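**Q** My questions are about this predicted structure, shown below with the sequence.
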Amino acid sequence: MSKKDKEKAQVPEEETVQTETAAENQGEAGQAAAPDAAELTAALAQAEQAMTALKDKEDQFLRLAAEYDNFRRRSQKEKESVWADAKAETALAFLPVYDNLERALKSPCGDEAYAKGVEMTMNQLKEVLTKLGIEEIPALGETFDPNLHNAVMHVDDESAAENTIVEVFQTGFRAGDKVVRFAMVKVAN
């Protein structure tokens, strides 16, 4: 064979070898890339699971914090309610004394010192009730309100407006918005 023929024969052999080597390299790279992709997918799935678990725990902690906050508010409300109820019950126990002092002040008395003593006792009781947050329900001359007043009599009186309270038989009291005792009244028209 001539030198040129040998060169021609060698060139395809070299190209074939190079082509085979390139194909093998690509195959190895493909095989190497395939496990990397599978590993990455598995790692991603694992990270997503971990993130989901963390979100679930975060939700649990947020719910627990909200439940505690609701419990704290409810306990505070109950505590305030118990305190208001205790004040109302205490005031209710003293209201018969108030009524008797009020009757004593309205009855005629010849002894001025005695009348002054009853008046001072009544003022002192009013101060104690005020300090407890117990106030009188205004009634005389007011419009009748069934949420505050208890109408025990009805009278036709042309000089008074309709549903106006013309006489108070028993003073009513309230503690804030809560009625301790309804005012017992006579209503006109």
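**A** Looks like it came in fine. Bear in mind the structure is a predicted one, so any value in this text is a computation, not a measurement. Residues are numbered from 1 along each chain as shown.
**Q** show me the residues around residue 174 that make contact.
**A** Residues in contact with residue 174 (Cβ atoms under 8 Å, 6 or more residues apart in numbering) are 134, 135, 137, 148, 180. (Each C-beta comes from the backbone N, C-alpha and C, glycine too.)
**Q** By neighbours, which of these wins?
**A** Among these, residue 134 has the most neighbours (other Cβ atoms under 10 Å), with 24 neighbours.
**Q** For the residue lying closest to that residue once chain neighbours are set aside, give me its contacts.
**A** Of all residues not flanking residue 134 in the chain, residue 91 sits nearest, at 4.4 Å (Cβ to Cβ, 6 or more residues apart in numbering). By Cβ under 8 Å, 6+ apart, the residues touching residue 91 are 129, 132, 134, 173, 175, 180.
**Q** Those residues in helices, which ones?
**A** Residues of those located in helices (DSSP state H): residue 129.
**Q** Next step: the contacts of residue 91 restricted to strands.
**A** 134, 173, 175, 180 (DSSP state E).
**Q** Taking the residues you listed together, which two end up most distant?
**A** Farthest-apart pair in those is 173 and 175; separation 7.5 Å (Cβ to Cβ).
**Q** any residues in contact with both of those two?
**A** Joint contacts of residue 173 and residue 175 (Cβ under 8 Å, 6+ apart) are 91, 134, 135.
**Q** Kindly reformat those as CSV containing distance to residue 164 and pLDDT.
**A** Formatted as CSV, the shared contacts of residue 173 and residue 175 follow (distance: Cβ to Cβ, whole Å; pLDDT from 0 to 100):
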residue, distance to residue 164, pLDDT
91, 27, 90
134, 25, 93
135, 21, 93
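**Q** Give me the below-cutoff pLDDT ranges for the protein.
**A** Low-confidence segments of the chain (pLDDT under 70): 1-35.
**Q** coming back round to it: would you mind giving the ones in strands among the contacts of residue 91 as JSON lines with distance to residue 109 added?
**A** JSON lines is the format used below for those (distance: Cβ to Cβ, whole Å):
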{"residue": "134", "distance to residue 109": "27"}
{"residue": "173", "distance to residue 109": "26"}
{"residue": "175", "distance to residue 109": "32"}
{"residue": "180", "distance to residue 109": "29"}
